[in-house]
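Engineer: Quick one: sequence and predicted model below, then my questions.
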Amino acid sequence: MRTCAACWLCFLATACLQPATVTCMDGVVCPAGNVCDYAHAGCATSTQISECQGKDEQAACAYPGVSDGACFDGVCLPAGCGNGSIDTLEVCDDGNRFHGDGCSADCLSNEMCGNGFVDVVKGEACDDGNLVSGDGCQASCASPVCGDGVIDADRFEQCDDGPANSDAVDAACRTTCQPRRCGDGVTDTNETCDDGNLVSAATAAVAIASRSKRAATVLSMSPRASSAMTAMWSTETGVRPTARLPIAVTASATRRCSSNAMMG
């Protein structure tokens with residue numbers, strides 16, 4: 001009788017001394033009754049293990065609390081983004097559904113420029129799947145703009161010196177990403193004038209005289225013919241001709257072009 005009592009006390013003492021947790025070799029602490037899941041740096045129940053025995057990777061499985069699981073490295077885990085395992089069609093899975101931590105919330109991007117996925121949370125404006133500038137999306141995944149230091153031919157840029165772009169005298173590249181030239185509106189040291197065009201005073205005078213003659217013709221026409229010619233004049237110049245307009249325009253043009261002529 002004493003022997004049996006001693007055995008019972010020993011059994012109770014052993015049960016009380018059973019640890020409530022199990023410490024895995026990788027330092028993970030699992031509740032008693034669970035096993036160490038080294039493949040996923042976590043813990044798993046015996047059911048999660050038995051559900052995937054003899055099954056292919058990502059085969060369907062289930063265990064208490066999860067009805068739509070999948071087998072990953074022999075362990076049944078919840079299927080979908082955020083389970084810590086890369087499912088079919090996923091690019092990454094870091095075990096959560098947050099942006100900005102190296103794996104997007106939908107597990108479709110590793111949030112690196114050049115992966116073909118625009119990660120707005122990382123400040124990307126574009127991503128064409130490469131790290132090449134000048135092809136419509138810069139190597140930094142920024143949209144091309146004049147002044148970024150990259151000559152974008154598809155934007156008709158001929159130069160781009162970045163911060164050095166300037167409309168100052170003798171600047172090599174203007175703020176429009178066009179090289180300095182006669183007609184850009186900036187009088188460089190080798191120029192005596194630059195009014196923003198390549199039209200000489202003589203050419204301007206001829207053009208204005210031609211329009212003045214046309215305006216005079218309009219005024220001498222019948223009302224109907226004059227109306228049609230006036231419409232054409234207005235379309236070309238944006239100005240409705242009057243009896244005094246040709247004279248005023250010609251006089252103004254003569255004064256301006258004379259000034260230009262004197263400047264050389």
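Structural biologist: Noted; the coordinates are in hand. Residues are numbered from 1 along each chain as shown.
Engineer: for the chain, what helix or strand is lowest in average pLDDT?
Structural biologist: Ranked by mean pLDDT, DSSP states H and E, the weakest helix or strand in the chain is helix 245-263, scoring a mean of 40.
Engineer: wait, is Thr47 part of a helix?
Structural biologist: Yes - assessed by DSSP: H, G, I helix; E, B strand; the rest coil, Thr47 belongs to a helix.
Engineer: Okay, Ala39 and Asn197: tell me how far apart.
Structural biologist: Note on Ala39: its distance to Asn197, by C-beta to C-beta, to the nearest Å, is 73 Å. Quick note: C-beta positions are derived from backbone N, CA and C, even for glycine.
Engineer: And what about Cys71, helix, strand or coil?
Structural biologist: Cys71 ends up strand, using three-state DSSP.
Engineer: What residues are bridge-paired with it?
Structural biologist: Beta bridges link Cys71 to Cys76, judged by DSSP bridges.
Engineer: Tell me, how many residues neighbour the residue lying closest to Gly95 once chain neighbours are set aside?
Structural biologist: Closest residue to Gly95 apart from its sequence neighbours, by C-beta to C-beta, 6 or more residues apart in numbering: Gly84 at 3.8 Å. Using other C-beta atoms under 10 Å, Gly84 is surrounded by 16 other residues.
Engineer: Wait, Gly84 touches Leu77, no?
Structural biologist: Yes - under the criterion of C-beta atoms under 8 Å, Gly84 makes contact with Leu77 at 7.2 Å.
Engineer: what's the overlap in contacts for the two?
Structural biologist: His40 (C-beta atoms under 8 Å, 6 or more residues apart in numbering).
Engineer: and the gap between the residue nearest to Gly95 and Asp37?
Structural biologist: 10 Å.
Engineer: any weak-confidence spans in the stretch 151-264 of the chain?
Structural biologist: Along the stretch 151-264 of the chain, the model assigns pLDDT under 70 to residues 201-264.
Engineer: list the contacts for the residue nearest to Gly95?
Structural biologist: So Gly84 contacts His40, Gly42, Leu77, Asp93, Asp94, Gly95 (C-beta under 8 Å, 6+ apart).
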